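Novice: any chance you could fold what I've pasted below:
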Amino acid sequence: MTEQENRPGIASWYMPQEEMLEIRRKGKKITIGIPSDFARVESRIPLTPEAVELLVSYGHEICIEKGAGKASSYSDEEYRNSGAIVQEKRADVFQCDIILRVSPFNDDDIDLLRGNQTLISNMQLNTHCAESVQKLMRKKVTAIAYEYLEDEENYLPVVHLMSQLSGSASIMVASEYLSNSRNGKGVLLGGVTGISPTELVILGATTAGEFAARAAIGLGASVKVFDNNILKLRKLEETLGHQVFTSVLYPNVLKKALKSADVVLGAMSVNKAPTFRVSKEMVSRMKKGSVIIDLNVSQGGCFETSRCTDLKNPTYTEYDVVHFCAPNISSLVARTASIALSNVLSPIIISVGEIGGIQNYIKSTKGFRKGIYIYNGILTNDDLGETLNLPSKDIDLLLAVF
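Specialist: Below you'll find the model as predicted:
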């Protein structure tokens, strides 16, 4: 047979061909540990069973502490069926390459680390002391904070999603603590015919502030939002319409609004040096039985009377005003929050594996670098360094060394 005869006919190129399935490129295998957060009164979990199944399909190994997903309504069996290894011993989870959790790492957690690992969690500026940070540094870890992570568009994806949840959940909390079920003054958050609506004051035209305002307006409450950023206030009005009153943070205007408020929500931007907007004197002039919810308490708080609580005992009363100051209010809707967090973390971990490991990913991804507060045992976050009086280094300069 000649070469011409052996060549397939032109018509054969247009015949249906057998489809070739894409073979997933194998990257670097990563072991990921997920310890429980029970001791820190935290119900959220960073990876859902669906996310675990996806990561296992990429060749990664997920080790999760027994019962870690229970508070988010995920069973150990669901994680096993998704390919995770459910560990009986807590210490075994802390031996993985990357440790994922929601709460910051405390001294007991740090003792369990083998060292030279990557930790990804919330940082919560005011939960750290110099000793715990120095302990992490001695372990030569790279620690990344959800609060500082940015995407390609300089957006804070975890902060944005948790802020949406926190804003909406805060109205649920406010309604509960105004009602008789929590020994409140028995007021409906909203309005009914013939009765003046309850008043909500929001400090901060942020994502949390917007979602809180949206939920409160839906219930019929009167909403006032204060912020020093005119552009943010204008965008909020465009989004919510003229149902919301907006103002710059003029002291006298704010004082007047606080006196008549039933609920005051602190929703100023995070990742700033701790500073409060409402003094003790202003709180003391608020109505008896009114409610303060400080969504920024982990960063220092919006109120001089704020102090961190937890979801076991989330409130205290000062000047006859109920203060709800649990920093993880989105944990009240733990399953929804876990899915949101998992949606952000899963693509990151996949990219880390495909690019050849965490060090390569750090060098190639500027937004991820911004989340680092300790790099190979060296403090790199200026806010944390300033708060604890510890020296910090520029992460971009350190990359030239490592």
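
Novice: and for residue 190, the neighbour number?
Specialist: 18 (other C-beta atoms under 10 Å). The way it works is simple: take the backbone N, C-alpha and C, and place the C-beta from them, glycine included.

Novice: also residue 80?
Specialist: The tally of other residues near residue 80 (other C-beta under 10 Å) stands at 14.

Novice: can you point out the buried residues in the helix or strand harbouring residue 335?
Specialist: Using DSSP states H and E, residue 335 maps to helix 334-355. By neighbour count with 16 or more other C-beta atoms under 10 Å, helix 334-355 contains the buried residues 334-342, 344-346, 348-350, 352-355.

Novice: what about stretch 153-167, average pLDDT?
Specialist: Averaging pLDDT along stretch 153-167 gives 92.

Novice: one more: stretch 234-243?
Specialist: Mean predicted confidence for stretch 234-243 is 89.

Novice: okay, buried residues for it please.
Specialist: For stretch 234-243, burial by neighbour count (16+ other C-beta under 10 Å) applies to 236-237, 240.

Novice: please apply the same query to stretch 311-323.
Specialist: Within stretch 311-323, the residues scored as buried using 16+ other C-beta under 10 Å are 311, 314-315, 318-319, 321-323.

Novice: and the two most separated of the residues you listed?
Specialist: Pairwise distances across the buried residues of stretch 311-323 peak at 23.2 Å for 311 and 319 (criterion: C-beta to C-beta).

Novice: by contact count, what packs against the helix holding residue 335?
Specialist: In terms of contacts (3 or more C-beta pairs under 8 Å, 6 or more residues apart in numbering; DSSP states H and E), helix 334-355 is packed against helix 49-57, strand 98-100, helix 157-178, helix 358-364.

Novice: apply 6 Å and report the result again.
Specialist: Judged by 3 or more C-beta pairs under 6 Å, 6 or more residues apart in numbering; DSSP states H and E, the packing partners of helix 334-355 are helix 49-57, helix 157-178, helix 358-364.

Novice: tell me the most buried of those helices?
Specialist: Among the helices and strands packed on helix 334-355, the stretch with the highest mean neighbour count (mean count of other C-beta atoms under 10 Å) is helix 157-178, at a mean of 23.

Novice: can I get the buried residues of stretch 234-243 in TSV including secondary structure and distance to residue 268?
Specialist: What follows is those, written out as TSV (DSSP: H, G, I helix; E, B strand; the rest coil; distance: C-beta to C-beta, whole Å):
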residue	secondary structure	distance to residue 268
236	helix	14
237	helix	18
240	helix	18
